[in-house]
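In: need a 3D model of the sequence below.
(one chain, ligands or ions: 1)
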Amino acid sequence: MNTNLGFGDRLAQAMKSSGQLCVGIDPHPGLLQQWGLEDTPAALATFSEKILDAARGRVAAVKPQVALFERHGSEGFKVLEEVLAEARQLNILMIADAKRGDIGSTMSAYADTWLGERSPLSTDSVTLSPYLGFESLRPALDLAQQHDKGTFVLALTSNPEGKTIQHVGQTNSVAKQIIEAATEENSRQGFETMGSCGLVVGATVGEALRELEIDLSQFNGPILAPGYGAQGASAASLFATFHGSESQILVNSSRGILRHGPCVEALIDSIELANSDLLKSNS
Ligand SMILES: O=c1ccn([C@@H]2O[C@H](COP(=O)(O)O)[C@@H](O)[C@H]2O)c(=O)[nH]1
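Out: This next block holds a predicted model:
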């Protein structure tokens, strides 16, 4: 993989060679129990190792859910640091699902944590929450650009409650304004296939794009789409939702894959099944 490319282009290459699936690393207490593990930091390490083992070479990216490491305090963060380092070694693109957002001066610290060069939590990309205003994310957007890293800004989330904020404004909705700001952000960068400022749009949003008159085919970055599998979106429904921007969609599945553990072979089978399901529906 060409590491001089920006994040969006590296992700485009990874999706071309390994498909459009992103596997979540979500060590929920219930899953740990199902895998015969205790709810401890050591178990998080075992859990994550098996997922990386199954995912390497088979998916475009993996997405650790930071909250599920954070609930173990400093030891959980230590494990996350090791997982990020291991993924880097294995050349697997990472999205830290941290959903950070704050006033600009504090945002600089979040940017240093997830996208800086010296932080042990530094990774390829991070999810950001724009509800303090898109421009409050500037320190992260600029640092990502400077270090060839990426961001995924929440636009239309997969949970039903999201619409109470994101749909406000209807045809000039909050979500539409976020999407326009991210489009503008990418248009100021050079890229071959996609810019490095991505969006999060749930695979479950259904008719919302049409109702809000949002045309994602005009968007010029990657779209992380959680909601496939455990939250009910099928491959066919999600590609119908994202008609016109199919090649930009990175489909996340966490519990839908993870419930097949702890056997690595069974995890591999479920990843391969999801890959062929997605491929079949997007051809
Ligand atoms: O809109 C959003 C944004 C993030 N997520 C996260 O994605 C995974 C989904 O997990 P599943 O088990 O596949 O449902 C999880 O980490 C969420 O926090 C989301 O679901 N929706």
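In: residues from the stretch 151-283 of the chain in reach of the ligand?
Out: Proximity of the stretch 151-283 of the chain to the ligand, by Cβ under 6 Å from any ligand atom, involves residues 157-158, 200, 202, 226, 229-231, 252-256. To be clear about C-beta, it is placed using only N, CA and C from the backbone, and glycine gets the same treatment.
In: if you set the cut-off to 5 Å instead, what comes out?
Out: For the stretch 151-283 of the chain, the residues in contact with the ligand (Cβ under 5 Å from any ligand atom) are 157-158, 202, 226, 230-231, 253-255.
In: which among the residues you listed end up buried?
Out: Using 16 or more other Cβ atoms under 10 Å as the burial test, these include 157-158, 202, 226, 230-231, 253-254 as buried.
In: now for those residues: which two are most distant?
Out: Thr157 and Ser253 (16.1 Å; Cβ to Cβ).
In: who's in contact with Ser122?
Out: The contact partners of Ser122, taken as Cβ atoms under 8 Å, 6 or more residues apart in numbering, are 84, 113-116.
In: most neighbours among these, which one?
Out: Among the contacts of Ser122, the one with the most neighbours (other Cβ atoms under 10 Å) is Leu115, at 29 neighbours.
In: next, the contact list for that residue, please.
Out: Going by Cβ under 8 Å, 6+ apart, the list of residues near Leu115 reads 122-123, 125-126, 140, 143-144, 147, 149, 151.
In: ok, those vs Leu52, which is closest?
Out: Nearest member of the contacts of Leu115 to Leu52, counting by Cβ to Cβ, is Thr123, at 13.4 Å.
In: for that closest one, grab phi and psi.
Out: phi -150, psi -170 (degrees, to the nearest 10).
In: tell me how many other residues surround it.
Out: Neighbour tally, Thr123, other Cβ under 10 Å: 24.
In: one more: Leu273?
Out: Neighbours around Leu273, by other Cβ under 10 Å: 13.
In: tell me the buried residues in stretch 145-160?
Out: Of the residues in stretch 145-160, 145, 147-158 count as buried by neighbour count, 16+ other Cβ under 10 Å.
In: which residues touch Ile223?
Out: Here Ile223 is in contact with 198-201, 216, 242, 245, 248-250 (Cβ under 8 Å, 6+ apart).
In: kindly present these as a markdown table, with separate columns for secondary structure.
Out: As requested, the contacts of Ile223 are exported to a markdown table (DSSP: H, G, I helix; E, B strand; the rest coil):
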| residue | secondary structure |
| --- | --- |
| Gly198 | strand |
| Leu199 | strand |
| Val200 | strand |
| Val201 | strand |
| Leu216 | helix |
| Phe242 | coil |
| Ser245 | coil |
| Gln248 | helix |
| Ile249 | strand |
| Leu250 | strand |
